[in-house]
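# structure of the sequence below:
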Amino acid sequence: MGSSTDGSPAAQGALNETDDPASDHGQRGFLGRLFSAFSHSGDAVAPSTSPGAASGPQGLHALRRMRVDDVAIPKAEIVAVPLDIGKDDLVETFREHGFSRLPVYKGTLDHPQGLVLLKDLALQHGFGASGRFNLKRLLRPILYAPPSMPTGVLLQKMQKDRVHMALVIDEYGGVDGLVTIEDLIETVIGEIEDEHDEDEGALWKEEKPGVILAQSTAPLEELEAALGLALRTGEEDEEIDTLGGLVFLRSGRVPARGEVIDHESGVQFEIVDADPRRIKRLRVRMPAAAAE
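Down below sits the predicted model:
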């Protein structure tokens, strides 16, 4: 959780572990084995070349080699809330982005105050509970890490402190990025699919009439046939095979999450999930829906 924690940066806090010691048993079992391998593998471990070998040592090597700023989502993509936010607006932010935890700041993001967990909000103010809303009372600690910190060191600190999110702090004390525990684990075992991720087998689905939620890997030819629209309209489009490739070509860069790219046909592409390196999911609005 991305910004998950779609660590992907599209996964900022989307991994549904809790920060409670009592509910951390399963994660400790998995991370304990991970840390054991990390601690004893050593830098001299050579990657296995057997066809069926697990990729653990290679992933652990990446964990030792990479720095925090290699996996952090940039500051511009962090979803955070101000300390004076109202309960209804906080609920709407959780609902809109699908994260399980959010950084809280006072004034600007460079003055972080801690984390608010969706679970804490639900337990204190949901299920018909009454009482005055006070976000400060819900705050939990957040970790801080310099961009040069090895990812393995941060992962071990997260496990020790049982905090699943860290803000990357620059040399001037300002916030430069965000890392979740999901982002770090994914450097070892590959991308983690959770309940917020779409089934890779379903390359697109209809959210409502005229609006399609699609994976960036959706084949353009099949999508064009399903929509009854020609999305490849120029010579430069001829070599593009996927929806994500088309949007990247149109924008000339990797668009940020939430950005909307207009197509000459009247279709709109909204970036639902992306990290600094690639587009992951898009919302495709047909011309009539885009006009609305």
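
# give me the residues contacting stretch 130-149.
19, 67-69, 72, 83-87, 90, 103-104, 112-117, 120-121, 124-125, 154, 157-158, 161, 163, 165-170, 176-177, 179 (Cβ atoms under 8 Å, 6 or more residues apart in numbering). Every residue, glycine included, has its C-beta placed from N, CA and C.

# again, but for stretch 82-98
So stretch 82-98 is in contact with 12, 14, 79, 81, 102, 104-107, 113, 116, 118, 121, 125, 133, 135-136, 196, going by Cβ under 8 Å, 6+ apart.

# report the buried residues of that stretch.
By 16 or more other Cβ atoms under 10 Å, the buried positions in stretch 82-98 come out as Pro82, Leu83, Ile85, Leu90, Val91, Thr93, Phe94, His97, Gly98.

# and the pLDDT at the nearest residue to Ala288 once chain neighbours are set aside?
Distances taken as Cβ to Cβ, 6 or more residues apart in numbering place Gly210 nearest to Ala288, at 5.5 Å, with adjacent residues excluded. We have a pLDDT of 91 for Gly210.

# list phi and psi for Pro219.
phi -60, psi 130 (degrees, to the nearest 10).

# cool, Phe133 as well?
For Phe133, the backbone dihedrals are phi -80, psi 130 (criterion: degrees, to the nearest 10).

# for Pro287, same thing?
phi -50, psi -40.

# and the strands in the stretch 151-292 of the chain?
165-169, 175-180, 204-208, 211-215, 260-262, 268-274, 279-285 (DSSP state E, counting those that start in this stretch).

# pairing partners for the last one, with directions?
Using DSSP bridges, the strands paired with strand 279-285 are strand 211-215 (antiparallel), strand 268-274 (antiparallel).

# CSV for these, including mean neighbour count?
Formatted as CSV, the strands paired with strand 279-285 follow (neighbours: other Cβ atoms under 10 Å):
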stretch, mean neighbour count
strand 211-215, 20
strand 268-274, 23
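
# can I get the ones you listed in JSON lines with distance to Ala225?
Output for the strands paired with strand 279-285, formatted as JSON lines (distance: least, Cβ to Cβ, whole Å):
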{"stretch": "strand 211-215", "distance to Ala225": "13"}
{"stretch": "strand 268-274", "distance to Ala225": "18"}
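
# next, count neighbours for Phe99.
By other Cβ atoms under 10 Å, 26 other residues sit near Phe99.

# how far is stretch 266-276 from where the chain is centred?
Distance of stretch 266-276 from the chain centroid (Cα atoms, centre = their mean, to the nearest Å) equals 14 Å.

# oh, that last question was meant for stretch 246-256, not what I typed.
19 Å.

# any buried residues in it, and which?
Within stretch 246-256, the residues scored as buried using 16+ other Cβ under 10 Å are Leu246, Val247, Phe248, Arg250, Val254, Pro255.

# quick one, what contacts His111?
Under the criterion of Cβ under 8 Å, 6+ apart, the neighbours of His111 are Tyr105.

# pull out the buried residues from the helix or strand encompassing it.
Assessed by DSSP states H and E, His111 sits inside strand 108-117. Going by neighbour count (16+ other Cβ under 10 Å), the buried part of strand 108-117 is Leu109, Asp110, Pro112, Gln113, Gly114, Leu115, Val116, Leu117.

# cool, stretch 213-230 as well?
For stretch 213-230, using 16+ other Cβ under 10 Å, the buried residues are Leu213, Ala214, Gln215, Ser216, Thr217, Ala218, Leu220, Leu223, Leu227, Leu229.

# report the mean per-residue pLDDT for that stretch.
pLDDT averaged over stretch 213-230 gives 89.

# same check on stretch 124-143?
85.

# per-residue pLDDT, Gly26?
40.

# number the residues from 338 up from this point.
Done: numbering now begins at 338, and the last item shifts to Gly363.

# dihedrals phi and psi, Thr554?
Backbone torsions of Thr554, given as degrees, to the nearest 10, read phi -90, psi 0.

# that one touches Trp541, doesn't it?
No. Counting by Cβ atoms under 8 Å, Thr554 does not reach Trp541; the two are 10.1 Å apart.

# hmm, back to that, would you list the phi and psi of the residue nearest to Ala625?
Here Gly547 shows phi and psi, under degrees, to the nearest 10, equal to phi 90, psi 0.

# quick check: next helix or strand after the strand or helix carrying Arg432?
Assigned by DSSP H and E, Arg432 belongs to helix 424-434. Counting by DSSP H and E, the next helix or strand C-terminal to helix 424-434 is strand 438-443.
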